[in-house]
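**Student:** I'd like to go over a predicted model; first the sequence, then the structure.
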Amino acid sequence: MELIAKEMEVKIGKKEIVKNVSIHVKKQQFVGLIGPNGCGKSTLLKSIYKSISPQNGMVFLDDLDVLKSPEKKISQHLGVVGQFNEMHFDLTVHQMVLLGRTPHKKMLESDTKHDYGIVEEALKRTNLQDYKDRSYLSLSGGEKQRVILARTIAQQPKFMILDEPTNHLDIRYQIEILSCVKELNIGVLAALHDLEMAAHYCDYLYAVKDGEIYAHGTPEEVLTPDTIEALYQIKCQTFTNPVTNGLSFAYGF
Ligand SMILES: Nc1ncnc2c1ncn2[C@@H]1O[C@H](COP(=O)(O)OP(=O)(O)OP(=O)(O)O)[C@@H](O)[C@H]1O
């Protein structure tokens, strides 16, 4: 699915947090949102997935009007991995991932073999098969993050929004999670802090500064020393990593 968010504006109290932001994610594109702490990335994402109401703007997933549609309808198409995944009641990992099937069920409809198959596949993709019977609350932050992703995969969304999905994850799982999301081949909009990961996984980037889009384009177009300095107030040199051939960054020079 394609996502178009147009002229998004979010005010909290008197403060304008998101100022007239438009984002376009084409079918199967992996689009990154970068920018310093507090620039408004999460607020923008939340206003797109309707966790907060924007003062202005519209959001379409193909022809589905997200801001005007009921939650259930939206969650049949849109999966969200948020930044904080705390729960106050305990479920096993398997039960948590099975919850991903809820948007596709009628009230009180029981889980089927088909649902269990989808859950198994999601656990496999996120490397969680051995955690099936563990209590969710007993997991580490990184393990919880993977369970939430598995639940979102089991939801079989056609578009995914991720807010710093690699928060809490060590380097191996950062790579595994982003590769796993990329392999889903669906439209993705993800807030990312690691610029090397953003350069490697994203087809297109939006750089946010003070609630506005400061730059957008391919990673090579956006991740220039000037833009990085403007965003993060840090000197930076970019180079092609001789080992990976990817874009790399030397900070503080
Ligand atoms: N409910 C709220 N009340 C007051 N201010 C808020 C609220 N939510 C967000 N803000 C402020 O809005 C600004 C943007 O926050 P947001 O979480 O969107 O930034 P971010 O770019 O996602 O940051 P980070 O990279 O640190 O996660 C911050 O200054 C934050 O303090």
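**Tutor:** Looks like it came in fine. For clarity, every value in this text was computed on a predicted model and none was experimentally measured.
**Student:** of all the residues in this structure, which ones are close to the ligand?
**Tutor:** I12, I17, G35, N37, G38, C39, G40, K41, S42, T43 (CB under 6 Å from any ligand atom). The C-beta positions use only the backbone N, C-alpha and C, and glycine is treated the same way.
**Student:** list the contacts for the nearest residue to Y204 once chain neighbours are set aside?
**Tutor:** Excluding the flanking residues, the one nearest Y204 by CB to CB, 6 or more residues apart in numbering is V31, at 4.8 Å. By CB atoms under 8 Å, 6 or more residues apart in numbering, the contact list for V31 reads I23, V25, G187, V188, L189, A190, C202, D203, Y204, L205, Y206.
**Student:** now, which of those sits nearest I153?
**Tutor:** V188 (12.1 Å; CB to CB).
**Student:** poorly predicted segments of the stretch 51-200 of the chain, please.
**Tutor:** 85 (pLDDT under 70).
**Student:** mind listing what's buried in the host helix or strand of Q95?
**Tutor:** Per DSSP states H and E, Q95 falls inside helix 93-98. Residues V93, H94, M96, V97, L98 are the ones in helix 93-98 that count as buried (16 or more other CB atoms under 10 Å).
**Student:** can you name every helix or strand that that helix contacts?
**Tutor:** Where contact means 3 or more CB pairs under 8 Å, 6 or more residues apart in numbering; DSSP states H and E, helix 93-98 is packed against helix 113-125, helix 141-154.
**Student:** hang on, L189 in a strand?
**Tutor:** Yes. Using DSSP: H, G, I helix; E, B strand; the rest coil, the assignment for L189 is a strand.
**Student:** what subset of the contacts of V31 is buried?
**Tutor:** Applying 16+ other CB under 10 Å to the contacts of V31 flags I23, V25, G187, V188, L189, A190, C202, Y204, L205, Y206 as buried.
**Student:** please name the bridge partners of the fourth one.
**Tutor:** This points to V188. V188 has these beta-bridge partners by DSSP bridges: F30, M160.
**Student:** can you check the second one too?
**Tutor:** Here V25 shows beta-bridge partners L3, assigned using DSSP bridges.
**Student:** now for the spatially closest residue to S179 that is not a sequence neighbour, how many residues are close by?
**Tutor:** Leaving aside its sequence neighbours, S179 sits nearest to Y201 (CB to CB, 6+ apart; 7.9 Å). Counted with other CB atoms under 10 Å, residues neighbouring Y201 total 20.
**Student:** and Y201, what's its pLDDT?
**Tutor:** On pLDDT, Y201 comes in at 97.
**Student:** ok, F253 next?
**Tutor:** The predicted local confidence for F253 is 65.
**Student:** what helix or strand is the residue most central in space within the chain on?
**Tutor:** Centroid check for the chain by CA atoms, centre = their mean gives L162 as the closest residue, at 1.1 Å. Here L162, judged by DSSP H and E, is contained in strand 159-163.
**Student:** what angle sits between the helix or strand that that strand is followed by and strand 187-191?
**Tutor:** Next helix or strand after strand 159-163 toward the C-terminus (DSSP H and E): helix 171-183. Orientation check (axes from the mean of the first three to the mean of the last three CA atoms, to 10 degrees): helix 171-183 against strand 187-191 gives 150 degrees.
**Student:** any idea of the angle helix 171-183 forms with helix 113-125?
**Tutor:** 140 degrees.
**Student:** and the helix holding Q95, how far from the chain's centre?
**Tutor:** 20 Å (CA atoms, centre = their mean, to the nearest Å).
**Student:** contacting residues around it?
**Tutor:** Helix 93-98 has contacts (CB under 8 Å, 6+ apart) with 87, 111, 115-116, 119, 122-123, 128, 131-134, 136, 139, 147-148, 150-151, 154.
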